[in-house]
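Chemist: give me a model of this one.
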Amino acid sequence: MPIYPLYALLFADRGLSDGQISALLAIWSSVGILAEVPTGVLADHFSRRSALVVAGVLQAGGYTLWALAPGFLGFAGGFALWGLGGALASGAREALVYDGLAALGAEDHYARLSGRIMSAGLLGQLPAAAAATVLYAAGGFALATWVSAGLCLAAAVLATRLPEAPRQRDAEDDEPTYLAGLRAGVAVIARRPGVRHAALAVAILNGFDALDEYFPLIARDWGVPTGLNPLATLAIPLVGAVGAALGGPAARLRSATLAGWLGSGAIILGAASLWRRPGGLAAVAVFYGVYRLVLVVVDARLQERITSASRATVTSVAGLGSEVSAFGLYAAWAWGGIGLVAAVVLGAAFALPRLIRRPVSAAAAAR
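Modeler: Numbering: from 1, shown residues only. Next comes the predicted model:
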């Protein structure tokens, strides 16, 4: 979306402080926390494809509110709609992909396909950044916001064409009600340590995805002018896309190796925070590529451990943890900037080997 590389700058342009911007992001996460699990259960109970369609419509509504009421309250309301849409998509997207592969007997390809999907999404930021530059020059923040709303609606229309595989229900899911689906999803996490640990790892790592929101502010603080900001940060999603694409081949790496890569990326990020020059964005890009690679692998290790029809619910529970984790990142940014964020990532790297192991078969996961 063209507004992605611009909206933090839009908030700053409207006079919002760093604390207010972090408050907006916290509102976004709060809505996600409240809606994450209920929307995951709804996706399992009704339709994961429909969840993605409604998610696009809600995100478009959020951008529309930004365009019509560009102030703190309008931005907060827009984030609330976006957060609800994000919660609907979270869990439903992964479940739709994994179960579609499982229906073909090709679930072993999930990590590779997931990495490619993530890579395509990150590469999409490149034309979005170029469009943001053109749209900002032609019509300012308002034009970029309206175009983004239109693109969300177009994505919602395309989502109606996605295939959805029929789902087999476990004994835990015999009663086709909302509460039964919620109980079944929670039971999978509670009774299977491998699922529980992998879900915690996904929650911690996905929380760092909130750092995306600060890339334009990092570039600005390191001396990049607003007009060039979208182009200056292009390398970050590009390297992230490469890292995500390598997630498939990296799926069999040992946990300690993955942790070592993530820890090295955190150290590089911390070094860049001390330099504070435009060239430091290259170091941010290196960190981001490593982070995306590790995230793909950890997500795959969670999905392969889920054997029930409550896949979207279980993934949404991990997503709920991600929203809580994002609050930690917001707080780290507010208190210590990118340097403290790097330290938090380094701590997560040390914990990673205890949370994930080499992939196991579905049969082993069920034991």
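
Chemist: biggest helix in the chain, by residue count?
Modeler: Identified as the longest helix of the chain according to DSSP state H is helix 311-355.

Chemist: who's in contact with Thr160?
Modeler: Going by CB atoms under 8 Å, 6 or more residues apart in numbering, Thr160 touches Arg49, Val53. Every C-beta, even on glycine, is put in place using the N, C-alpha and C of the backbone.

Chemist: correction: Val157
Modeler: With CB under 8 Å, 6+ apart, Val157 has no contacts at all.

Chemist: ok, it to Trp146 distance?
Modeler: Distance, Val157 to Trp146, using CB to CB, to the nearest Å: 17 Å.

Chemist: burial count for His109?
Modeler: 17 (other CB atoms under 10 Å).

Chemist: now do the same for the nearest residue to it once chain neighbours are set aside: helix, strand or coil?
Modeler: Nearest in space to His109, with sequence neighbours left out and distances taken as CB to CB, 6 or more residues apart in numbering, is Leu101 at 5.9 Å. Classification of Leu101 using DSSP: H, G, I helix; E, B strand; the rest coil returns helix.

Chemist: so that it lines up with my notes, have the first residue be 3 from now on.
Modeler: With 3 as the first residue, the last one maps to Leu103.

Chemist: just to check, Leu103 is in contact with Leu115?
Modeler: Yes: at 6.9 Å, Leu103 and Leu115 qualify as touching, with contact defined as CB atoms under 8 Å.

Chemist: show me where the stretch 203-352 of the chain has its helices.
Modeler: Secondary structure of the stretch 203-352 of the chain, counting by DSSP state H, counting those that start in this stretch: helices at 217-223, 231-234, 237-247, 257-277, 283-305, 313-357.

Chemist: now the fourth one: buried residues?
Modeler: Buried positions in helix 257-277, judged by neighbour count with 16 or more other CB atoms under 10 Å: 257, 260-265, 267-272, 274-275.

Chemist: of all those residues, which comes closest to Tyr138?
Modeler: Closest approach to Tyr138 among the buried residues of helix 257-277 (CB to CB): Ala274, at 25.9 Å.

Chemist: model confidence for that closest one, exactly?
Modeler: On pLDDT, Ala274 comes in at 92.

Chemist: pLDDT below threshold where in this structure?
Modeler: 169-192, 195, 309-312, 359-369 (pLDDT under 70).

Chemist: one more time with 50
Modeler: Residue ranges of the chain with pLDDT under 50: 173-177, 361-369.

Chemist: buried set for the helix or strand containing Gln61?
Modeler: Using DSSP states H and E, Gln61 sits within helix 50-70. By 16+ other CB under 10 Å, the buried positions in helix 50-70 come out as 50-69.

Chemist: centre of the chain to the following helix or strand past that helix, how far?
Modeler: Using DSSP H and E, the helix or strand that follows helix 50-70 in sequence is helix 74-91. On the basis of CA atoms, centre = their mean, to the nearest Å, helix 74-91 sits 15 Å off its chain's mean C-alpha point.

Chemist: quick one: buried residues of helix 74-91?
Modeler: Within helix 74-91, the residues that count as buried by 16+ other CB under 10 Å are 74, 76-91.

Chemist: residues in contact with Leu124?
Modeler: Leu124 makes contact with Pro239, Leu240, Gly242, Ala243, Ala246, Arg294, according to CB under 8 Å, 6+ apart.

Chemist: neighbour count for these - can I get that in TSV?
Modeler: Shown next, in TSV, are the contacts of Leu124 (neighbours: other CB atoms under 10 Å):
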residue	neighbour count
Pro239	27
Leu240	19
Gly242	26
Ala243	24
Ala246	27
Arg294	27
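
Chemist: now Cys154, nearest residue through space, not along the chain?
Modeler: Using CB to CB, 6+ apart, the closest residue to Cys154 is Ala62 (3.7 Å).

Chemist: go ahead and confirm that neighbour touches Thr147.
Modeler: No: using CB under 8 Å, Ala62 is not in contact with Thr147, being 10.6 Å away.

Chemist: what's the neighbour count on Asp46?
Modeler: Around Asp46 there are 30 residues (other CB under 10 Å).

Chemist: please identify the helix or strand for it.
Modeler: Assigned by DSSP H and E, Asp46 falls in helix 20-47.

Chemist: which parts of that helix are buried?
Modeler: For helix 20-47, the neighbour count (16+ other CB under 10 Å) marks 20, 22-47 as buried.

Chemist: same deal with stretch 117-124?
Modeler: Applying 16+ other CB under 10 Å to stretch 117-124 flags Gly117, Arg118, Ile119, Met120, Ser121, Leu124 as buried.

Chemist: quick one, what contacts Gln305?
Modeler: Glu96, Tyr100, Tyr112, Ser116, Arg313, Thr317.

Chemist: with Ala221 instead?
Modeler: Asn231, Ala234, Thr235, Pro280, Leu283.

Chemist: CSV for the residues you listed, including distance to Ala203 and neighbour count?
Modeler: Formatted as CSV, these follow (distance: CB to CB, whole Å; neighbours: other CB atoms under 10 Å):
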residue, distance to Ala203, neighbour count
Asn231, 33, 23
Ala234, 32, 22
Thr235, 27, 23
Pro280, 34, 13
Leu283, 28, 20
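
Chemist: turn the contacts of Gln305 into JSON lines, columns for distance to Ala333.
Modeler: Listed next are the contacts of Gln305 as JSON lines, based on distance: CB to CB, whole Å:
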{"residue": "Glu96", "distance to Ala333": "27"}
{"residue": "Tyr100", "distance to Ala333": "33"}
{"residue": "Tyr112", "distance to Ala333": "33"}
{"residue": "Ser116", "distance to Ala333": "29"}
{"residue": "Arg313", "distance to Ala333": "31"}
{"residue": "Thr317", "distance to Ala333": "25"}
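
Chemist: which two of the residues you listed have the greatest separation?
Modeler: Greatest spatial distance in the contacts of Gln305: Ser116 and Arg313, 13.3 Å, computed using CB to CB.
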